[in-house]
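Chemist: Predicted structure and sequence below. I'll ask about it afterward.
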Amino acid sequence: MTRSLRFPDGFLWGAATAAYQIEGSPLADGAGPSIWERFAHTPGLMADGDTGDIACDHYRRHAEDVRLMQALGLTSYRFSIAWSRVLPEGTGRVNAKGLDFYARLVDDLLEHGITPNVTLFHWDLPAALDDRGGWLNRDSADWFAEYAQVMFRALDDRVPLWTTLNEPWVVVDGGYLRGTIAPGHRNLYEAPRVTHNLLRASGAAVAAYRAEGRHRIGVVFNLEPKYPASTRQEDRDATRRAHAYMNTQFTDPVLRGVYPEALAALYGAAWPDFPAADLECIRQPVDFVGINYYTRQVVRDDPTQPPLRAAGVPQRQRTHTETGWEVYEQGLIDTLLWFRDRYGTVPVYLTENGAAFYDPPQAAGPVVEDPLRVDYLERHLKTLRRAIDAGVDVRGYYAWSLLDNLEWSLGFAKRFGLYHVDFSTQRRTPKRSALRYAQIIASHGAAL
Ligand SMILES: N=[N+]=NCCCCNC(=O)[C@@H]1[C@H]2[C@H](O)[C@@H](O)[C@H](O)[C@@H](CO)[C@@H]12
């Protein structure tokens, strides 16, 4: 007898986006520039010279896009606030037109029965704050708490789910170690300090919310399970280092109040001596955690790759996405069970899950056929259901992404959307995966 795959009552069916990836009009109506405005307009840093100047033109087409969400039957929508639309200099003066855009979007979502899930920081730091040191400046925690309070006072009467940060690991690894995303630094000494200030900022915003918030607040981590390439001790040690660097570097301080011990050895002389009081701020209890799951990594020891001394081992026998990520849904349940066993019953939302696949050229019709994304969606939702059956408290699922959008420095070529976007006309076309997701939502999972 096949088990019913219905999801729990109240489970949220969503899709996710981020401001700089979809909005366009980055400087409209008094908005200040973000570090992504600068990074994207620096020659050579963006694939095909793509920028967020127009993107999906969502800043102007938001009403149409809310109707697309309703067409899928979404019950929630996760999006981020462009900090420098609201506070053009990052602190101080509030830009009423920027705030008004998000208030109108929230009201429109609520009118369509869609629960807003708002991310305060999805990588687009105001450029004015980067000029003051950005996340390297300990004052960044206060800047972020001030911005968060402006948003809470403006929208907490209507926004029931807030998250502080999206994926601090990507900001640290990409923005300060590898230089692949804004602000494009490559400095081992900066990385742990940025981790620490990002987490302090998140804690400060949570503390500000406790003073006046009426609903729930959390933080979003990308978690990627690490599997040793062999039983050799060197590979097992490398796997532990990779896990500490990408996963528990962030979850342990927030949920346990300590950094993993492996980090001091990994960062060596670059590892700062953090004041104990900082960890008390960072470990502010959250109401839930968002987990973004995409893929796993099989890890081997690699002494030529300091400081991590670990390398991924390609799993060529399996399907991979256009971003080179292995399709590995078992990693989702492994991650959720690990998370539940390590941190207990803190509620979880799967705040991102999706894939960029090469959608084959096809005649312009009412639906874009994307069989690999349909398969990816079904595999991961079935696995999510297994995790819930195993006792993990998962409250919702957000497909990444509602629309094809600007995949950061990879540009528009990597398409994650449930809706195809023709960026020359801004025409949105549902992919087969969108229709399949709508069917699953309508049956609350039973149609899986
Ligand atoms: N190797 N490897 N492993 C996978 C590492 C994933 C790290 N990148 C993310 O999670 C980003 C997240 C981001 O929120 C969104 O803004 C991005 O558009 C998606 C797609 O890239 C994902």
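Modeler: That came through fine. Residues are numbered from 1 along each chain as shown.
Chemist: only C-alpha atoms for contact and neighbour calcs from this point on.
Modeler: Will do.
Chemist: Pretty sure Thr429 sits against Phe423.
Modeler: No: taking contacts as C-alpha atoms under 8 Å, Thr429 lies outside contact range of Phe423: 11.5 Å.
Chemist: Of these two, which one has the most company?
Modeler: A count of neighbours by other C-alpha atoms under 10 Å puts Thr429 above the other of Thr429 and Phe423, at 20 against 15.
Chemist: Buried residues, stretch 328-339. List them.
Modeler: 328-329, 331-337, 339 (16 or more other C-alpha atoms under 10 Å).
Chemist: Which two among those are spaced furthest apart?
Modeler: By the measure C-alpha to C-alpha, Tyr328 and Phe339 form the most distant pair in the buried residues of stretch 328-339, at 17.4 Å.
Chemist: Which residues of the chain lie near the ligand?
Modeler: Contact residues (C-alpha under 6 Å from any ligand atom) of the chain with the ligand: 222, 294-295, 407.
Chemist: Next up, phi/psi of the residue of the stretch 101-250 of the chain found nearest the ligand, please.
Modeler: Using C-alpha to the nearest ligand atom, Asn222 is the residue of the stretch 101-250 of the chain that sits closest to the ligand, at 5.3 Å. Here is the backbone geometry of Asn222 (degrees, to the nearest 10): phi -90, psi 120.
Chemist: doesn't Leu165 make contact with it?
Modeler: No: with contact defined as C-alpha under 8 Å, Asn222 does not reach Leu165; the gap is 10.8 Å.
Chemist: Show me whatever sits in contact with both of those two.
Modeler: Counting by C-alpha atoms under 8 Å, 6 or more residues apart in numbering, Asn222 and Leu165 have no common neighbour.
Chemist: how about the strands of the stretch 1-150 of the chain, start to end?
Modeler: For the stretch 1-150 of the chain, applying DSSP state E, counting those that start in this stretch gives strands covering 12-16, 76-80, 115-121.
Chemist: Next, count neighbours for the closest residue to Pro183 other than its chain neighbours.
Modeler: Distance criterion C-alpha to C-alpha, 6 or more residues apart in numbering; nearest residue to Pro183, sequence neighbours excluded, is Gly175 at 5.3 Å. Here the count is done by other C-alpha under 10 Å, and Gly175 has 23 residues near it.
Chemist: that's a helix at Gly175, yeah?
Modeler: Yes: counting by DSSP: H, G, I helix; E, B strand; the rest coil, Gly175 is located in a helix.
Chemist: tell me the contacts of it?
Modeler: So Gly175 contacts 181-186 (C-alpha under 8 Å, 6+ apart).
Chemist: Can you lay out those as a markdown table showing secondary structure?
Modeler: Below are the contacts of Gly175 laid out as a markdown table (three-state DSSP):
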| residue | secondary structure |
| --- | --- |
| Ile181 | coil |
| Ala182 | coil |
| Pro183 | coil |
| Gly184 | coil |
| His185 | coil |
| Arg186 | coil |
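Chemist: most surrounded residue in the residues you listed?
Modeler: The most crowded member of the contacts of Gly175, judged by other C-alpha under 10 Å, is Ile181 (25 neighbours).
Chemist: isn't Leu406 right next to Glu23, touching?
Modeler: No: under the criterion of C-alpha under 8 Å, Leu406 makes no contact with Glu23, lying 9.8 Å away.
Chemist: Could you tell me which residues touch both of these two?
Modeler: 52, 55.
Chemist: Let me know the pLDDT of Pro361.
Modeler: pLDDT for Pro361: 76.
Chemist: what angle sits between the strand or helix carrying Leu350 and strand 12-16?
Modeler: Assessed by DSSP states H and E, Leu350 sits inside strand 348-353. With axes from the mean of the first three to the mean of the last three C-alpha atoms, to 10 degrees applied, the angle from strand 348-353 to strand 12-16 works out at 40 degrees.
Chemist: Point me to the residue of the stretch 1-150 of the chain nearest the ligand.
Modeler: Ala18 (6.1 Å).
Chemist: For Val220, what are phi and psi?
Modeler: Torsion angles, degrees, to the nearest 10, at Val220: phi -110, psi 130.
Chemist: In contact with the most centrally placed residue in the chain, which residues?
Modeler: Nearest to the mean C-alpha position of the chain, by C-alpha atoms, centre = their mean, lies Asn166 at 4.5 Å. Asn166 makes contact with 119, 121-123, 219-221, according to C-alpha under 8 Å, 6+ apart.
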